[in-house]
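Participant: for reference, the sequence and a predicted model appear below.
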Amino acid sequence: MNDFFERCFKLKEHNTNAKTEVIAGITTFMTMAYILAVNPKILGDCGMDKTAVFTATVLASTIATFLMGAFSNLPFVLSAGMGLNAYFAYTVVQQMGCSWELALAAVFTEGIIFIILSLTNVREAIFNAIPQCLKIGVTVGIGLYIAMIGLKSGGVIVANDATLVSLISFKNWSPATCSALLTLLGIIITATLMHKKVMGSILFGILATWVLGMMFEFGGLYVPDNKVFFSVIPTKIVSTNFSLEPTLGGFVRGFKEIPLTLSGFLGFFSILFAFLFVDLFDTIGTLIGCASSGNMLDKDGKLPGIKGALTADAIGTTIGAALGTSTVTTFVESASGVSAGGRTGLTAITASFLFFISLFFFPLFLTIPAFATAPALVLVGFLMVTQIAKINFNDHTEAVPAYMSFISMPFFYSISEGIAFGIISYNFINLISGKKEKIHPLIYILSILFILKYALI
């Protein structure tokens, strides 16, 4: 078996082994299994059948992640993207009044365009054109971004009208304060395991925090309200209640709904462009961040195998739309697997297998609480932020654009906005400073596109 894995994934060449890769795949899956619960809820809010969305999400994630491992031999995992699914449900369908079938048609078209761009090296060229300082800035920004996601999902930070966000109040005991406390305890447990260099420390941190949550529930300290905070003790493990029929092929009906007028086509194009834009730069940002954190970029800042990765991402979006789910994209939580030692496609194949079996064991996977996965995101964020030491802060033409990139991501809650601010500031600062020779022609084009986006959309 080891010889088979070595032939397929070149483990020794990447200084890894099968055990490490499998643990990394399990870790990534555990940190992003929440999407299997969240995506059906979000798309269900716009009238889609939740069971069908769950099934479509599982199958699209399985296929896209498998293709990632097979095409690129990279450890990245894909599923229906957060943010893009919210735009799909709450903006395109609820606010703009489009049907979910038409929204799926836009996602399907986006996937076809991305397949063409990936095969013609356009997306790869954009990746390679981004300067090294911004690649580091994006890595740091994603670290801050996913740390914020972790603290928010674990309930440690809450909305506050006066200060936007604040620390949760621990004065009165409730499921929310219990969740926040367990998140903080999970950070301590996982950090200790990491310091002791325990193999699979992030995965074991998730499991240990989950078990601690079960103990709290048994002891009456964690009392589920069955509205926001559910039981963390599995009561049902296996289920075969799944179907694709309500959503399968819905995009075909969506194409028939596009009005045969200029305004109708322009309206459809505006929806399509929004999906294209966010997905393009979210994916590029995620690949940069995760690859940089694992020192997987070559001496020129390029990612070997990126063409296969981008192609898998594009095919995943197309298949997902055909099955009945929103845009499938590379998940930033892949950084947890990279931090656990994942370096090859075996990590992705492992996660793909887990996605598939979750189709039958989804009651078990959906029991994994947010407070168990939140510490993993916070500490993976820490590992990514350490890349900040590679920024040359003595050169403001390099440091300030990197800074604009990494502060934008958590503050604007968007990877693509962080890339946009980084590229625009890099372009103008270097141009005004008389260092236009540093600017790749694509950076000029991207800057103009970003400015037009902010001005027109």
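Facilitator: Great, that's in hand.
Participant: residues touching the most centrally placed residue in the chain, list them.
Facilitator: Nearest to the geometric centre of the chain sits residue 331, at 2.5 Å (Cα atoms, centre = their mean). Shown in contact with residue 331 (Cβ atoms under 8 Å, 6 or more residues apart in numbering): 28, 32, 35, 76-79, 81, 286. To be clear about C-beta, it is placed using only N, CA and C from the backbone, and glycine gets the same treatment.
Participant: now do residue 68
Facilitator: Residue 68 sits next to 74, 76-78, 308-309, 312-313, 316, 330, 345, 348 when contact means Cβ under 8 Å, 6+ apart.
Participant: and residue 380, by the same measure?
Facilitator: Going by Cβ under 8 Å, 6+ apart, the list of residues near residue 380 reads 31, 143, 146, 202, 333, 335-336, 339.
Participant: how about low-confidence regions in the stretch 351-457 of the chain?
Facilitator: 457 (pLDDT under 70).
Participant: please repeat the previous calculation with a cut-off of 80.
Facilitator: Residues of the stretch 351-457 of the chain meeting the criterion pLDDT under 80: 362, 365-366, 415, 456-457.
Participant: hmm, residue 288 and residue 130 touching each other?
Facilitator: Yes: using Cβ atoms under 8 Å, residue 130 makes contact with residue 288 at a distance of 7.0 Å.
Participant: between the two, which contacts overlap?
Facilitator: Counting by Cβ under 8 Å, 6+ apart, the residues touching both residue 130 and residue 288 are residue 138.
Participant: about what we covered before: for the residue nearest to the centre of the chain, grab phi and psi.
Facilitator: Backbone torsions of residue 331, given as degrees, to the nearest 10, read phi -90, psi 140.
Participant: got the contact list for the closest residue to residue 435 other than its chain neighbours?
Facilitator: Once flanking residues are discounted, residue 435 sits nearest to residue 397: 5.8 Å by Cβ to Cβ, 6 or more residues apart in numbering. Taking Cβ under 8 Å, 6+ apart, we find residue 397 in contact with 426, 429-430, 433, 435, 438.
Participant: could you turn the buried ones of those residues into a PyMOL selection?
Facilitator: Paste this into PyMOL to select the buried members of those, with burial taken from 16 or more other Cβ atoms under 10 Å:
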select buried, resi 426+429+430
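Participant: any chance of the contacts of residue 397 in a markdown table, with secondary structure too?
Facilitator: Output for these, formatted as a markdown table (DSSP: H, G, I helix; E, B strand; the rest coil):
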| residue | secondary structure |
| --- | --- |
| 426 | helix |
| 429 | helix |
| 430 | helix |
| 433 | coil |
| 435 | coil |
| 438 | helix |
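Participant: which one of the contacts of residue 397 is nearest residue 455?
Facilitator: Comparing the contacts of residue 397 against residue 455 with Cβ to Cβ picks out residue 426 as the nearest, at 19.3 Å.
Participant: excluding sequence neighbours, find me the nearest residue to that closest one.
Facilitator: residue 401 (3.7 Å).
Participant: next, the one you found: secondary structure please.
Facilitator: Using three-state DSSP as the criterion, the local structure at residue 401 reads helix.
Participant: repeat that for residue 165.
Facilitator: strand.
Participant: tell me, how many residues neighbour it?
Facilitator: Residues within reach of residue 165, counting by other Cβ atoms under 10 Å, total 12.
Participant: that one reaches residue 410, doesn't it?
Facilitator: No: between residue 165 and residue 410 there is no contact under Cβ under 8 Å: 10.1 Å.
Participant: which ones are touching residue 374?
Facilitator: The contact partners of residue 374, taken as Cβ under 8 Å, 6+ apart, are 150-151, 153-154, 156, 183, 186.
Participant: make it 10 Å
Facilitator: Residue 374 sits next to 31, 34, 147, 149-156, 179-180, 182-184, 186-187, 206, 209 when contact means Cβ atoms under 10 Å, 6 or more residues apart in numbering.
Participant: C-terminal to the helix or strand hosting residue 79, what's the next element?
Facilitator: Assessed by DSSP states H and E, residue 79 sits inside strand 78-80. Sequence-wise, the next helix or strand downstream of strand 78-80 (DSSP H and E) is helix 84-86.
Participant: any buried residues in that next one, and which?
Facilitator: 84-85.
Participant: numbering from 653 from now on, please.
Facilitator: In the new numbering, first residue 653, that becomes helix 736-738.
Participant: state the mean pLDDT of it.
Facilitator: Averaging pLDDT along helix 736-738 gives 83.
Participant: what's that helix packed up against?
Facilitator: helix 687-696, helix 914-945 (3 or more Cβ pairs under 10 Å, 6 or more residues apart in numbering; DSSP states H and E).
Participant: output these as CSV; include the columns mean neighbour count.
Facilitator: As requested, the helices and strands packed on helix 736-738 are arranged in CSV below (neighbours: other Cβ atoms under 10 Å):
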stretch, mean neighbour count
helix 687-696, 21
helix 914-945, 21
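Participant: and those: which comes nearest residue 776?
Facilitator: Among these, helix 914-945 comes nearest to residue 776, with 9.6 Å by Cβ to Cβ.
Participant: could you tell me the angle between the strand or helix carrying residue 703 and helix 687-696?
Facilitator: Using DSSP H and E, residue 703 sits in helix 702-724. Here helix 702-724 points in a direction 130 degrees away from that of helix 687-696 (axes from the mean of the first three to the mean of the last three Cα atoms, to 10 degrees).
Participant: could you export helix 702-724 as PDB, CA atoms only?
Facilitator: In PDB, the C-alpha atoms belonging to helix 702-724 read as follows (Å, rounded to 0.1, in the frame of the first residue of the first chain):
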ATOM      1  CA  LYS A 702     -32.600  21.100   1.900                       C
ATOM      2  CA  THR A 703     -32.100  17.400   1.600                       C
ATOM      3  CA  ALA A 704     -31.300  17.800  -2.100                       C
ATOM      4  CA  VAL A 705     -28.900  20.600  -1.400                       C
ATOM      5  CA  PHE A 706     -27.100  18.500   1.300                       C
ATOM      6  CA  THR A 707     -26.800  15.600  -1.200                       C
ATOM      7  CA  ALA A 708     -25.600  17.900  -4.000                       C
ATOM      8  CA  THR A 709     -23.000  19.600  -1.700                       C
ATOM      9  CA  VAL A 710     -21.600  16.200  -0.600                       C
ATOM     10  CA  LEU A 711     -21.300  14.800  -4.100                       C
ATOM     11  CA  ALA A 712     -19.900  18.100  -5.600                       C
ATOM     12  CA  SER A 713     -17.300  18.300  -2.700                       C
ATOM     13  CA  THR A 714     -16.400  14.600  -3.100                       C
ATOM     14  CA  ILE A 715     -15.800  14.900  -6.900                       C
ATOM     15  CA  ALA A 716     -14.100  18.300  -6.900                       C
ATOM     16  CA  THR A 717     -11.800  17.400  -4.000                       C
ATOM     17  CA  PHE A 718     -10.900  14.100  -5.600                       C
ATOM     18  CA  LEU A 719     -10.100  15.900  -8.900                       C
ATOM     19  CA  MET A 720      -7.900  18.300  -6.900                       C
ATOM     20  CA  GLY A 721      -5.800  15.400  -5.500                       C
ATOM     21  CA  ALA A 722      -5.700  13.600  -8.900                       C
ATOM     22  CA  PHE A 723      -5.100  16.600 -11.200                       C
ATOM     23  CA  SER A 724      -2.600  18.700  -9.100                       C
END
